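Participant: Turn this into a structure:
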Amino acid sequence: MQPRVTAILVAANGADHLDRTLDALAAQTRHPENLVVVDLGSTDGSTTDLSFGGSAELLRLPAGRPFGEAVARGEREAPPAVTDEPVDEWLWLLGHDNAPAPTALADLLSAVEIAPSVVVAGPKLVDVDDPSRLRAFGESMTRFGRSIVLVQDELDQGQHDRNTDVMAVAAGGMLVRRSVWNELGGFDPALPNVDAALDFCVRVRLAGHRVAVVPEARVTSAGPIEEFGRKRVSEGRRVRMHRQAQLHRRMTYASAGVLWIHWLTLVPFAIGRAIGHLVAKHPAAVGAELAAAFSVAFGGGTGRSRRVLARGKKLGWAAVEPLRVSWRRVHERRTTSRDVELARVEDAPIARASFLGDGGIWVVLAAAVLSVVTLYPLLGSPALTGGGLLPLSTDVARLWQNVGYGWHSIGTGFTGPSDPFAAVVAVLGSITFWSPSTSVVLVMLVAFPLAALGAWFAVRKTTTRTWVPVIGAALYTIAPTLVGAVTSGHLGAVIAHVLLPWLFLAVLEAHRSWAWASGASLLFAVIAASAPSLLPVLLLGWLVSLAVGWRRAHRRVFIPVPAAVLFLPLVLAQVARGNVLAVFADPGVPSATRAPSAFQLAIGQPVPDWSGWLPTTSGLALAAWVLPVLMAVLALPIAAAAIGAMLGHRWAVAGAALLIALAGFATAFAATHVTVTGVGSTTTIIWPGSGLSVYWFGIVAAACIGIDVLPRTAPIAGLVTTVVAAVTVAPAFGAFYLGNAVIQPTSGRVLSAYVNAEAQANPDVGTLVVDPQDDGSLAVSLERGQGSTLDDQTTLDSTALTLSRSGAQLATLAGNLASRSGYDPEPALRQLGVSFVLLDDAPTGSGAQAVHDRAAGAIGQNALFTSIGETTSGQLFHYEGDVDRPSTGSAGAQATHVLYLVVLGVVFGAAALLAVPTAPRRRRATSNVIEAEEPATTFDEERDE
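Facilitator: Numbering: from 1, shown residues only. This is a model prediction of the structure:
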């Protein structure tokens, strides 16, 4: 029979390729009898001037219609053969980028002529710019239906020309017998983007026909079918297209007996795969995976596809089974792709300095020795107290009960959000679950070596000489802010100082992978929760990173999200109170902080004691006058190195480091002017050391760059800078031996043993703690059970602008108990649940001594109380009367608490999964070939038969 060919050319904004494709059609050695050009709403002017006559015609369809619908419309418009002789009609499907070689159609027709059972033939798809590279040469699928291009992005050397029998061919350049096309219903409308050609060829196979590739025929291709007519396809959309097509085909091909199982497992499997995408650092696929499953499960279209398949099916699935790709071949392909990617990573530039070979390990070990010597009194201690510290709750469940929105038992109790730092404390306590307070001791002990480790890697990123990171690590470790935070019990400031270099590294590398970006988001959240005063500078740094790296900003955009989830309840609560600045208050136990001067801040001093030099030299008459001058002189080397870096060839990097330092200094300076936290009868400033940690990090980075660009004198300059800085902070490191340390080791008991014994039977027992102040007033608090713990603390209580009704009742009760009066305390004692009164000791000779003696006499002579005696904390009295059980919050508050923990778990769990390092993800384009397991049948074999 005489073959008769109708070429159907589909164009969709193909101005870059359409003219070349039309010229290639005109240059064919065997011309098609008819040409139908279908324009899908092109807006680039590519089809504006087209006009045809005779056997060619132009159809216009609205934009967005799929390739298969355009072909179907073109086939209906193509005139049938009008002749008395038998005619074998064929359709030749082309896209606007499919420019055929001059002999392409002739080669395709020759192939189907010598092999009558072949009703679908496909050419080699080659790159439009480099015809020597194969874009696609045959398609298949795995056992579970995932589509695979057999040969892709490979240099064409004829190595695959003998493998002509395939499961499917691509739509571009496909030659298909017209009668079979109509008999099988063409492309499935439910597969508008991808896999339509694969699905059609599978139906062709099941109808008893063959599909083959013709290596002699060559047609160009500008990209995969999902990019046809689109300027750009996002990774998420690409994943959804392929996954939705795979699930649809799975539902279409499944037997009736197991179809319901497939439908029921669509969404559960999608959730599991979404978690897998998170672990594999492919977050763009998470939403795509879920959307694809829901679309197939509830979108319809499967019924029609199953009916069309059943109508044309004549053979069983055994007809296509030999042409599937085995799992062994899929594994080989993945292994080869991974090896290629790993080789590419290994060829990357080698790091400038080796941690083990260039002193990194030694500076960390030296910092560990320094930590042991400095904090030797803390070794073996189960808990710490003093400054901003208290022991943690002994039960891990209680730690998490204090996280999020709910009832807080501190003071007289209230319902509201906790500090974000409560989540950090809960995680720390959960690590040492057998003794949660031990985790705080460990943090203090490892702070110095961990700070050295992070600073070494951060400085290595910005310098070239191998020994300079050692200088940077040493300078950052002996920062006055770190040792000051450790010895004064500012746990949050310690954590922030240790993690700042790691955040710097993570933000710098965030554009490279989701692991770095997710790690940055976790570090951002932990630092912000530990030192809320750093929120402005952290957000500013994030915005700058977006602006500087805007071309790759999509990963950095989400860095603040976990922190926002942590802070949102607290921010809303403080805004409702009209106390927005209280969001920046230091978490932990409120402790008084003296404000340093601007000059002291400039040389890195968080408190005005000159890093312990002032109390150490208090016996010297000229110390107060000499110390400022001496400290300024000692600060000159590091300042000179940092400023001098601007004169070198790396002035841009040094300038960025100095801008970081400036932002940190501004944060510290602002902190000394914000007083939002109540401590006894006064208020105190925000701890400026957190801002100074940022300031010191920027100064150290700039100084290291300055030392790095120096000529021969660089080692001497680095050594002098480090030694001088160490002299500056020497007394601070000896705080425990000089008696200047604020924190002290403790057994973990907050109140006396008598109260602890009572709390074993009654965990809600209340103790009224009365602390005489030097100004003649009383500081009053109400503690439950074994006493207040670090995880009980909340800035909503310490920054309250007014007393609550129960707080006023508590103050009235304490004031009247401390003085002889006619006040009846029993109703208040009963309502507040107070069973004990603890009168704290007062220093002898201080203004608080008289207040203490008056209160001790008044309470001791009150017949309602029994004196227990002196304890390590003060004088204890017991109230023998009955008291009410305190509230534990409403059911709604408890439900909100659980819901908030679930939200935290989802957000931080997703971030943690993404932050786990994995092997490099293989690229979509590979240079592998996958062949069918069974030997292919060639055209010559069929002709011989």
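Participant: List the contacts of stretch 905-917.
Facilitator: Under the contact criterion C-beta atoms under 8 Å, 6 or more residues apart in numbering, stretch 905-917 has outside partners 275, 278-279, 281, 283, 514-515, 517-519, 521-522, 525, 561-562, 565. All C-beta spots, glycine's among them, are computed from the backbone N, C-alpha and C.
Participant: right, I mislabeled it, should have said stretch 65-74
Facilitator: Taking C-beta under 8 Å, 6+ apart as the rule, stretch 65-74 contacts 8, 10, 36, 38, 40-41, 59, 61, 91, 93, 95, 171, 186-189, 191-193, 196, 225, 228.
Participant: Skip the chain neighbours and tell me the closest residue to residue 678.
Facilitator: Leaving aside its chain neighbours, residue 678 sits nearest to residue 798 (5.8 Å; criterion: C-beta to C-beta, 6 or more residues apart in numbering).
Participant: wait, I meant residue 164
Facilitator: Among residues not flanking residue 164 along the chain, residue 212 sits closest, at 4.9 Å (C-beta to C-beta, 6+ apart).
Participant: List buried members of the contacts of stretch 65-74 by neighbour count.
Facilitator: Neighbour counting with 16 or more other C-beta atoms under 10 Å marks 8, 10, 36, 38, 40, 59, 61, 91, 93, 95, 171, 186-189, 191-193, 196, 225, 228 as buried within those.
Participant: if we can go back for a sec, can you give me the distance of the residue nearest to residue 678 to residue 529?
Facilitator: Relative to residue 529, residue 798 is positioned 16 Å away (C-beta to C-beta, to the nearest Å).
Participant: picking that back up, you'd agree the residue nearest to residue 678 is up against residue 680?
Facilitator: No - Residue 798 is beyond contact range of residue 680, at 11.1 Å (criterion: C-beta atoms under 8 Å).
Participant: okay, those two: which has more neighbours?
Facilitator: Set residue 798 next to residue 680 and count neighbours by other C-beta atoms under 10 Å: residue 798 wins out with 23 against 19.
Participant: contacting residues around the more buried one?
Facilitator: Contact partners of residue 798, counting by C-beta under 8 Å, 6+ apart, are 585, 590, 677-678.
Participant: if you set the cut-off to 6 Å instead, what comes out?
Facilitator: By C-beta atoms under 6 Å, 6 or more residues apart in numbering, residue 798 lies in contact with 590, 677-678.
Participant: among these, which are in helices?
Facilitator: Using DSSP state H to define helices, no part of the contacts of residue 798 is located there.
Participant: Let me see the ranges of the strands in the stretch 51-200 of the chain.
Facilitator: With DSSP state E, counting those that start in this stretch as the criterion, the stretch 51-200 of the chain has strands at 56-61, 87-95, 118-127, 133-136, 139-141, 147-149, 154-155, 175-177.
Participant: Make TSV from these and add distance to residue 480 and mean pLDDT to it.
Facilitator: Listed next are these as TSV, based on distance: least, C-beta to C-beta, whole Å; pLDDT from 0 to 100:
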stretch	distance to residue 480	mean pLDDT
strand 56-61	73	90
strand 87-95	68	92
strand 118-127	62	94
strand 133-136	61	89
strand 139-141	65	92
strand 147-149	61	88
strand 154-155	61	83
strand 175-177	79	96
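Participant: What is the nearest of the contacts of stretch 905-917 to residue 807?
Facilitator: residue 565 (29.9 Å; C-beta to C-beta).
Participant: which element is that closest one on?
Facilitator: For residue 565, the host element (DSSP states H and E) is helix 561-577.
Participant: and that helix, which residues are buried?
Facilitator: Using 16+ other C-beta under 10 Å as the test for burial, helix 561-577 gives 562-563, 565-567, 569-571, 573-574.
Participant: For the next helix or strand after it, give me every contacting residue.
Facilitator: Counting by DSSP H and E, the next helix or strand C-terminal to helix 561-577 is helix 598-602. Outside helix 598-602, the residues that touch it by C-beta under 6 Å, 6+ apart are 608, 668-669.
Participant: Any of the residues you listed buried? List them.
Facilitator: By 16+ other C-beta under 10 Å, those give 668-669 as buried.
Participant: Quickly name whichever of the contacts of helix 598-602 is closest to residue 371.
Facilitator: residue 668 (24.5 Å).
Participant: ok so, going back, now render the strands of the stretch 51-200 of the chain as CSV, adding distance to residue 27.
Facilitator: Converted to CSV, those look like this (distance: least, C-beta to C-beta, whole Å):
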stretch, distance to residue 27
strand 56-61, 15
strand 87-95, 14
strand 118-127, 15
strand 133-136, 21
strand 139-141, 28
strand 147-149, 28
strand 154-155, 26
strand 175-177, 18
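Participant: got the contact list for stretch 132-143?
Facilitator: For stretch 132-143, the external contacting residues (C-beta under 6 Å, 6+ apart) are 124-127, 147-152, 154, 156, 160, 166-168, 170, 198, 213, 221, 323, 325, 330.
Participant: in this structure, which ranges drop under the pLDDT threshold?
Facilitator: 1, 81-86, 281, 333-352, 619-624, 681, 712, 750, 845-847, 918-945 (pLDDT under 70).
Participant: What residues of the top strand by length along it count as buried?
Facilitator: What stands out as the longest strand in the chain, according to DSSP state E, is strand 210-221. The neighbour-count check on strand 210-221 (16+ other C-beta under 10 Å) flags 210-215, 217-221 as buried.
Participant: one step back: so which of the strands of the stretch 51-200 of the chain is nearest residue 449?
Facilitator: Residue 449 lies closest to strand 147-149 among the strands of the stretch 51-200 of the chain, at 49.9 Å (C-beta to C-beta).
Participant: Please identify the pairing partners of that closest one and their relative orientation?
Facilitator: Here strand 147-149 is paired, per DSSP bridges, with strand 139-141 (antiparallel).
Participant: The residue nearest to the spatial centre of the chain: what secondary structure?
Facilitator: Nearest to the mean C-alpha position of the chain, counting by C-alpha atoms, centre = their mean, stands residue 518 at 2.1 Å. Classification of residue 518 by DSSP: H, G, I helix; E, B strand; the rest coil places it in helix.
Participant: Next one: the residue nearest to it when sequence neighbours are not counted relative to residue 508, how far apart?
Facilitator: Spatially, and ignoring its direct neighbours in sequence, residue 518 is nearest to residue 914 (3.5 Å; C-beta to C-beta, 6+ apart). Distance, residue 914 to residue 508, by C-beta to C-beta: 17 Å.
Participant: same check, this time on residue 57
Facilitator: 59 Å.
Participant: Then residue 528?
Facilitator: Distance of residue 528 to residue 508, given as C-beta to C-beta: 19 Å.
Participant: Which parts of the stretch 351-500 of the chain are helices?
Facilitator: 360-374, 396-401, 421-431, 438-462, 468-477, 480-488, 491-509 (DSSP state H, counting those that start in this stretch).
Participant: The stretch 651-800 of the chain now?
Facilitator: Ranges of helices in the stretch 651-800 of the chain, per DSSP H, counting those that start in this stretch, are 651-671, 689-708, 714-733, 735-738, 753-761, 795-798.
Participant: ranking those helices by burial, who's on top?
Facilitator: Neighbour counts (mean count of other C-beta atoms under 10 Å) averaged over each of the helices of the stretch 651-800 of the chain peak at helix 689-708, with a mean of 30.
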